[in-house]
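[1] sequence and predicted structure, then a few things I'm wondering about:
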Amino acid sequence: FFRHTDAASRNPFRFWQTVAGDLVNQYTALRADLSNAVKKLQKQQRRVEDLDIQSQFQELIKSPLEAYYSRISQSDINKEQVILLVVDALDEADRRDIGQWNGLLGTLAEAENMPPIFRLIITSRSYDDIRGHLELKCLQETLTTGEYVTEESQADIKRYLEYRFALISKRIQQQQSNISPTWPGKDIISQLSNQAAGLFIWAKVALDHIEAGGNPVKCLQSVQDSSSIGHLQGLDGLYMIILQSIYQNLDAEERDILQRVLWTIIMTKQPMDILSIEQLINAPTCSLWWVEQTLRPVLAEKRHDQLLRSCHKSFTDFMLDKERSGHFVVKQDTHGLFLVDSCLQLMNGKLKFNILRLTRGCFNRDIVNLPEKVSTFIPRSLQHACLYWAEYYPSGQFATNRDNLIQNLEQFLQQHFFHWLEVLSILSTRPGGYLLRMARQWLGSFNSDLHQFLTDGIRVTEFFCQSIQESCSGLYSTILTFAPRAIPLIKHYHKQYHHFLQIKGGMHRWPTRCHNVFLGHQGLVHSVAFSPDGNTIVSGSEDGTVRVWAAHTGKSLQEPLVGHQSWVTSVAYSPDGKNIASGSGDMSIRIWNMFTGQSLGKPLEGHQHYVTSVVFSPDGTKIVSGSFDKTIRVWDISNGQSPGLLLGHNSWVTSVAVSPDGTKIVSGSGDTTIRIWDISTGQTLRSLRGHDDCVTSVAFSPDGTKIISGSRDRTIQVWNTSTGQRLGQPLEGHGNWVTSVAFSPDMTKIVSGSYDKVILIWDASTYQNLGHPLKGHKDYVTSVAFSPDGMKIVSGSYDRTVQVWKIPDGRPSQQQKQSLQAHKNCITSVAYSPDGTKIVSGSADRIVRVWNASTGQRLGQPLKGHPSWVTSVAFSSDGTKIVSVSAGTTVLVWDISTGQSLTQSLECPQYYVTPVAYPPDQLKLACLGWRFMGHQSCLNSTAFPAYQSKASGLGGSLIQPYFLDHTQDYVRPIAYSPDGTMLVSSSKDMTVQIWNSTGQSLKKTLRGHSGLITSVAFSPDGTKIVSGSRDRTVQLWDVSTGQCLGQPLKGHQDRVYSIAFSPDGTKIISSSHDRTIQVWNVSTGQRLGKPLKGHQAGIYSVAFSPDGEKVVSGSFDNTIRVWSIRNMSTIQDEQPLEAHASSVNSISGVFLTNSIITVSDSDADSSAIAGKQSSTHDWILNTESGWILTIPDNTPVAWVPSILWSGLHTPLTQLVIGISQTVLDFNGYIPWEEWET
């Protein structure tokens, strides 16, 4: 049953878990099936507590019962007892989490589909949502109270009265022999049963009062008289009589204590025991037993937890209604203020640093005997105060005469804010921002300093919620280190604490941030939308579900909407917000009731391929859908019919929208066109051309005069609806496909999402980027939309999250400005100039950039001209030119001084080209593993006829052909001998081949690998070759004999990507997809030291420093790391360079000195800052969790906001380019547990 006064007994999430436990205990025949169900979950690595309500019902109840039913014979079924589940007082379940509440109702409604041995009886008040889910699923019987009470109910209550009076009479006879054994007699019992009017609670309360109220005869008379108290009847009259009896003959002090305790029991958010109540309201301990006994008639029977609860919800309602309870009414305003003040006083007196007395910092999950420690050091009263203190403040304006409350609030915020967060962390509850928000609301502008502290606290608790939830010790250093140092709350606590990490760079102000992250989908999120009132958000996912979320809290409002047989590609609200439409890969469209989650009618079926986009018409009578079948359909919602098809696109339809007046449809397609249609006739009105690739998203402006479109060509275009003309130039700024576009409601802004994981906001009149890129998604952004008030943006992503963003205001920070200057996609190649003063980088954003190697500042303008990813870059030998190659393959040569391309490019569409710098004065090109020599100056472009010959040229110079006929295989990596007389290559046949320098004469074929060869290199003296392979091994070869030297070098756990010789030829390094680098002794073939670990993904490229003492590595985790190998017995990860936003595919360069170069985030100072190396504490950044962990014990030091990861200097990092840098200083840091000793 559900009980409104008990959190555990009214929690919908625990319901089916409890039922499963009862089934195990009471039905032995089911134990095997239930045990199998739990084992199945364990095998799938799923925990019961992690299942949503629908899954709990399916896995713990329905599936085991179906399994049991299927294995028993018909004769056994006839003999089998029916399993009867009685759910009492369903209306008293906790409804605050709408998602859980609707989930429970939905699963109860599914009982009709259960095996016939299962029966369900539910008792409840008649509420609309309960009736909506259940009235069509079950038989209903209405039981009335009052004048129309049934004879059965009357007889049941009479039997209850007779039973209780018999017990009372027996006790009285032991004390008063003159009481009749049949007291009080049949007539009085009949009278009382009539007074109860069908309410068992009336009978229970009356008998509790008679039994505990002193003289039972007088108490019985008062109960009989309760029916004649003025206008009060039934329970109200009884409650009034009992209260009058309780309070009579009490002096003022006793009355005050009793009243405070009773009002506290009525008003507290969670039940407490009498001792906790005493501690909270500071009542005299000696009076506790007396208070509890006196209030017994209006309290529920105590259970094992000893918590005090109101006897019934009706008594709580009575006490809160002045019309019913008169002068006994709970004065909520007065007592609410009293409770706020009491909570603050209790927290100020009891909160302290390291409240659990932990001996070392750790994650909360690792605290030994946590429940016992909580019980010992955080009493229930203090827990209650920390969780609910601000909720008791009454509605209305702040009471200006509450000086004590202001003083207590000030003390709490200035002395115990972090101690409070520590307790919230330990209790695994909400981070507390909602309480601070409530306090700020009732404080208003009364005290500006406290108002600012509360505002700062809200930002802190929301921004650092992950660290607060995960580590009660780590939250201190996290917030004190990484929160903006200028905000008053942090400035204040910097004076109180001194031993946290110091920082250079970091956040000088709060970043443009994600307001909320919604977690729950098990697959990528394809589509998101705001409801018309802005209160809810709907999302559709690859996991086949539709979810509805509370826009302000991120809470799921109901169980996932399940029905589609494939991924959900598009979702939309109806104009009135009552229904949701969803399109799916199962070629159907479904309509859902937003409030109940029920599917309305049959799916709309007709498309012959995936449905890609759905939208309601403005009047809500139609749905328009686009599909992979190249068609658009208009559906009549009333009958589910689609009378015709809109035909015209030559490829799939990706996106559709309806004009605000409902007369037109706009569609985007894979055929690169946009079409405008007449919705009534289905005729094409205009075809808009201008994009160079698939149009992914289209939308009308709110007034219908403009259309915006996003495309895989990475641009956004704005069109005049009437003329079809493009307005202005394409909006360029994304580094990958634009996936979604939308107008703001006031038409002043455009928002776009992209596969570059970034959301951009544009000025809708000037078409300029507003300079506030929203970064936070960890994978492709798939869908964006504005809230109806234009103040927020919602986005969906491949990272399975839905995120809500506040629209940024003000000028961009230095960090945002630098972000605009940086590459918009993964860095594919980097190289140093010959003099080491410059760095060139190429990226998947098709741009080449040049940087100052000392400061990281950008030099000149971005070099634009490539039609595809830039795959490789290099400087000319004199450092005056840059050659860059793209995946097209296009080769461009740039003049560094002017930033101009020197000549037109030539494209080689069948092959990839890699430029290679080779001393003394030539820049060669290698294609398919070949170098072609002959030109004496920088090559401009190349063109390669298929496999037969190759030609290259510079401007008007001679084009020289090179013939190639040795193999039809695609040749893999190559390397040149130091003297330039030989080259080594590898092939798909898993061989290593040695050729002369022209590639015309095969000298030797080396066999030994069992997988594709990924990398080859010559030793510095040219006598040896080393090769790495997908077979996870490294092999060393003798060039003169072609023989393998020794056994294959084994140690990697996955494919080898890259290998290199040290400059002195004594060592080999190899990198692998297993995220490690191995160092090998060339002479012995033995591995030196331990593998170098630190990268979070496969390591694609490695190289030695010129002195051979360091190793540089580039990884798919988007970082470059430099490692020290001076002493191989103590190999250390020296310096990850974490500036890149995607995979690092190539590295080249020189090594800087041991200084640190940082770039300030201050808007006033963006110059370089040089400093000494920070102290070398052993630590790593776990990029899965964001925590800095000490080595080797993995103690959490601080959680790093993801916005800082790319610029964070891990130990000995020298430079990060293209983003604001953050340098941690461990000097002065001491472990958390030693802060107060």
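    Everything's here; your move. Source: prediction; values computed, not measured.

[2] surely Leu1181 meets Ala1198?
    No - under the criterion of Cβ atoms under 8 Å, Leu1181 is not in contact with Ala1198, lying 10.0 Å apart. Quick note: C-beta positions are derived from backbone N, CA and C, even for glycine.

[3] the two: who's more crowded?
    Set side by side, Leu1181 and Ala1198 show unequal neighbour counts under other Cβ atoms under 10 Å, the larger going to Ala1198 at 28 against 21.

[4] name the SS class of the spatially closest residue to that one that is not a sequence neighbour, please.
    Once flanking residues are discounted, Ala1198 sits nearest to Ser477: 4.1 Å by Cβ to Cβ, 6 or more residues apart in numbering. For Ser477, the assignment made with DSSP: H, G, I helix; E, B strand; the rest coil gives helix.

[5] how many neighbours does Ser477 have?
    Neighbourhood size, Ser477 [other Cβ under 10 Å]: 25.

[6] from Tyr160, how far off is it?
    Taking Cβ to Cβ, to the nearest Å as the criterion, Ser477 is separated from Tyr160 by 61 Å.

[7] repeat for Ile716
    As it turns out, when the distance is counted by Cβ to Cβ, Ile716 lies 73 Å from Tyr160.

[8] which one of those two has more residues nearby?
    Set side by side, Ile716 and Tyr160 show more neighbours around Ile716, with 25 against 17, by other Cβ under 10 Å.

[9] and that one, what helix or strand is that in?
    strand 715-720 (DSSP states H and E).

[10] which residues does that strand contact?
    Defining contact as Cβ atoms under 8 Å, 6 or more residues apart in numbering, one finds that strand 715-720 is touched by 674, 688, 690-691, 705-711, 725-728, 730-732, 734, 738, 741, 750, 752, 762, 764, 767.

[11] now do 7 Å
    Residues from elsewhere that reach strand 715-720 (Cβ atoms under 7 Å, 6 or more residues apart in numbering): 688, 690-691, 706-710, 725-728, 730-732, 738, 741, 750, 752, 767.

[12] quick one: average pLDDT of it?
    Averaged across strand 715-720, pLDDT comes to 96.

[13] same question for stretch 91-108.
    Averaged over stretch 91-108, pLDDT sits at 80.

[14] show me which residues of that stretch are buried.
    Taking 16 or more other Cβ atoms under 10 Å as the neighbour-count basis, stretch 91-108 is seen to contain the buried residues 91-95, 97-108.

[15] same deal with stretch 209-223?
    For stretch 209-223, a neighbour-count test (16+ other Cβ under 10 Å) marks 209-213, 216, 219-220, 222-223 as buried.

[16] which one among those gets closest to Ser787?
    For Ser787, the nearest member of the buried residues of stretch 209-223 is His209. The distance, counting by Cβ to Cβ, is 54.4 Å.

[17] which one is that closest one nearest to, not counting chain neighbours?
    Spatial nearest neighbour of His209, excluding adjacent residues (Cβ to Cβ, 6+ apart): Pro297 at 4.0 Å.

[18] how many other residues sit next to the one you found?
    Burial of Pro297, expressed as a neighbour count using other Cβ under 10 Å, amounts to 25.

[19] where does the stretch 51-200 of the chain have low pLDDT?
    In the prediction, the stretch 51-200 of the chain carries residues with pLDDT under 70 at positions 73-81, 96, 142-150, 173-179, 197-198.

[20] how about the helices in it?
    Taking DSSP state H, counting those that start in this stretch as the criterion, the stretch 51-200 of the chain contains helices spanning 53-56, 63-71, 74-79, 98-109, 128-134, 151-173, 186-196, 200-212.

[21] and these: which comes nearest Ala572?
    Of all the helices of the stretch 51-200 of the chain, it is helix 98-109 that lies closest to Ala572, at 20.6 Å by Cβ to Cβ.

[22] now find how far off-centre the closest one is within its chain.
    The chain centroid and the centroid of helix 98-109 are separated by 24 Å, computed with Cα atoms, centre = their mean, to the nearest Å.

[23] equivalent analysis for stretch 797-810, please.
    Here the centre of stretch 797-810 is set off from its chain's centre by 10 Å, with Cα atoms, centre = their mean.

[24] okay, Thr696 and Leu51: tell me how far apart.
    Noted for Thr696: a distance of 36 Å to Leu51, by Cβ to Cβ.

[25] find the nearest non-adjacent residue to Pro603, please.
    Nearest in space to Pro603, with sequence neighbours left out and distances taken as Cβ to Cβ, 6+ apart, is Ser588 at 3.9 Å.
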